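J.: okay, predicted coordinates and the sequence, questions at the end:
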Amino acid sequence: MSSFESEGALAPRGPVPYAVKSDNAPLRHRKSPLTMEDVHAMALKCRNWGKWGPNDEIGTLNYATPELVAEAAKLIRNGKAFPLAIELSSDGPQSGARGRMNPVHLMRHSGADAYSGLRDHSGIRGADDWLIMPLQAATHWDALSHIFYIDRMWNGYDCREVYAWGAQKCGIEKTRGKASGRGVLLDIPRVKGVEALADGTPITPDDLDEAAAKQNVKVGRGDFLIVRTGQMEAYRKRGSWGTYAGGDAPGLSFETAEWLNRKEVAAVATDTWGCEVRPNDAPGIFQPWHWVVIPNMGLTMGEMFDVKELAEDCAADKRYDFFFVAPALPVRGAVGAPVVPMAFK
């Protein structure tokens, strides 16, 4: 029996799930690829199970206390508002990988219907519509029930608490009223002097520290950290989403899990499809950083945040912190949900 299978009373049971074949070459930032022993060691190091009690379902969002939210509100000085969500559109970034399609918007009643004399039972003429979409098709938060560590999710809950009809524990609706506070943008490509990081570029803890120092901003407890890679802007400049959804991407290195845990951030988000660097430096292990930060650390993470306008304004006024608010669509039992994040300065 390996140490991965036997170590500690909190170690998950059963075989390693989701093992996939990979031909990815090791990234330059590591001497050797990650192994399951590495993932397990980081999971134990960052595990916060029980920190907020045995019944907690929101993890690191607990760091964003009412006192810190009130203090963050003082960062609004001129009323500038920056929406950080991409449009819900059929020409969005999804490619169908992992079963995710782009949003489908359909009209139930249109203006043509009204012009033709259609009225509802009350006699009013109007328009009505539907939206059909995977909940993680565009800008969204991942719930803490999204990723399992073997057979456990956040706080040690059994993965079987996520039923065919939804998550009974750690559903996205449990975050209601919790996703607001001080936002911090770390603009990695601007610090590096490039328009965008190349696909496959890892963002290391040293890179995060360098950006914070050069931007004269500190990252700390209760912050909502947004990391810009420039990838979304690069693909838009090409005129096609290409392999944005699930392909190679710049992103957070595996080692940033410990950095984020130490900083006690409330949540993290990036302008990429999956936050962590791809290809993963872990043959046979898909998205190893996810395995650590969601089910073990309890970190809420956001993907596909549109930060171009905010980044430009931060560069102009040299202020990289702001008031941030981003409640998820409260779909009961959902393991992720669309969000319209807003930054206010």
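T.: Received it, and whenever you're ready, just let me know what you need. These numbers were taken from a predicted model, which means no experiment stands behind them.

J.: residues near residue 271, how many?
T.: 30 (other Cβ atoms under 10 Å). (Glycine included, C-beta is placed from N, CA and C.)

J.: surely it and residue 309 touch.
T.: No. If you go by Cβ atoms under 8 Å, residue 271 and residue 309 don't touch, sitting 11.8 Å apart.

J.: quick one: the strands in the stretch 101-250 of the chain?
T.: Ranges of strands within the stretch 101-250 of the chain are 104-109, 128-132, 140-142, 162-163, 166-167, 180-187, 202-203, 224-228, based on DSSP state E, counting those that start in this stretch.

J.: let me have those strands in CSV, extended by mean neighbour count, mean pLDDT and distance to residue 321.
T.: As requested, the strands of the stretch 101-250 of the chain are arranged in CSV below (neighbours: other Cβ atoms under 10 Å; pLDDT from 0 to 100; distance: least, Cβ to Cβ, whole Å):
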stretch, mean neighbour count, mean pLDDT, distance to residue 321
strand 104-109, 12, 88, 35
strand 128-132, 10, 90, 33
strand 140-142, 27, 96, 20
strand 162-163, 15, 96, 35
strand 166-167, 20, 96, 33
strand 180-187, 26, 98, 5
strand 202-203, 24, 96, 19
strand 224-228, 27, 98, 10
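
J.: the ones you listed: which one's closest to residue 246?
T.: Evaluated over the strands of the stretch 101-250 of the chain, closeness to residue 246 peaks at strand 140-142, with 14.8 Å, by Cβ to Cβ.

J.: need the outlier residue of the protein, farthest from its centre.
T.: Centroid-distance maximum for the chain: residue 117 at 45.9 Å, with Cα atoms, centre = their mean.

J.: count of neighbours near the closest residue to residue 202 other than its chain neighbours?
T.: Closest residue to residue 202 apart from its sequence neighbours, by Cβ to Cβ, 6 or more residues apart in numbering: residue 253 at 3.9 Å. Residues lying near residue 253 (other Cβ under 10 Å) number 22.

J.: now residue 253: how far from residue 297?
T.: Remark: distance between residue 253 and residue 297 (Cβ to Cβ, to the nearest Å) = 15 Å.

J.: can you lay out the strands of the stretch 101-250 of the chain as a markdown table showing distance to residue 86?
T.: Written out in a markdown table, the entries for the strands of the stretch 101-250 of the chain read as follows (distance: least, Cβ to Cβ, whole Å):
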| stretch | distance to residue 86 |
| --- | --- |
| strand 104-109 | 14 |
| strand 128-132 | 14 |
| strand 140-142 | 10 |
| strand 162-163 | 27 |
| strand 166-167 | 25 |
| strand 180-187 | 17 |
| strand 202-203 | 21 |
| strand 224-228 | 14 |
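
J.: of all the ones you listed, which lies closest to residue 324?
T.: Smallest distance to residue 324 across those (Cβ to Cβ): 3.0 Å, for strand 180-187.

J.: what packs against that closest one?
T.: Counting contacts by 3 or more Cβ pairs under 8 Å, 6 or more residues apart in numbering; DSSP states H and E, strand 180-187 is packed against helix 66-73, helix 205-215, strand 224-228, helix 308-317, strand 321-325.
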